[in-house]
Structure formats: structure tokens, C-alpha cells
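Asks: build me a model from this:
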Amino acid sequence: MEQAIATKHCGESNPVDTTGLCLLSLEGGGVRGLSTLYILKNIMDRLNHARAESKLPPVKPCEMFDLVGGTSTGG
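Replies: Below is the predicted model:
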């Protein structure tokens, strides 16, 4: 099922997805879980750097994804 309007936060469109749900799954424990968090941090740093260049405020993962879940360290 497609959404007619992009998910909005503070009046701006969600740049990650404009149709459907945007899900983030963090899986694994120990080193695997830690490496997943480092990858997510890198993605968010790159996204927020691009947003800063466009004079937009930084966002958190919970503002970019409709649902965040996981197991072990990711949970």
C-alpha cells in the first residue's frame, strides 16, 4: 500500500522514502551489534552533513525511520 504523501517531520518531506514505510532493523550482538551502530552513525553523519549544506537542521534516526527494531545489541 502506497502512502499518498511523504512522511513529514517539522513540515519537511522525509528524504529517505516517499512511499510506504521506512524500516530500520539492527541485528546482532557483541562486535556485530557494535559495527551495526557504527554504520548507522556514519549514515546519519553523512545525511546530516548534506542537510547542513542545505541549511536544514540535523535529524535523528527516529525522525528518519517509521519503525526501528532489532535483536540483542540492536534491540
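
Asks: helix, strand or coil for Val59?
Replies: What DSSP: H, G, I helix; E, B strand; the rest coil gives for Val59 is coil.

Asks: distance check, it against Asn42.
Replies: For Val59, the distance to Asn42 equals 15 Å [C-beta to C-beta, to the nearest Å]. Where you see a C-beta, it was placed from the backbone N, CA and C, and this is true even at glycine.

Asks: now the longest helix seen in the chain: average pLDDT?
Replies: Looking across the chain with DSSP state H, the single longest helix is helix 30-53. Averaged over helix 30-53, pLDDT sits at 91.

Asks: what packs against that helix?
Replies: strand 23-26, helix 61-64 (3 or more C-beta pairs under 8 Å, 6 or more residues apart in numbering; DSSP states H and E).

Asks: would you list these in TSV and tack on mean pLDDT?
Replies: Formatted as TSV, these follow (pLDDT from 0 to 100):
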stretch	mean pLDDT
strand 23-26	87
helix 61-64	89
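
Asks: quick one: closest of the ones you listed to Thr36.
Replies: Checking these against Thr36 by C-beta to C-beta gives strand 23-26 as the closest, at 5.2 Å.

Asks: each with direction, which strands does that closest one pair with?
Replies: Using DSSP bridges, strand 23-26 pairs in its sheet with strand 67-70 (parallel).
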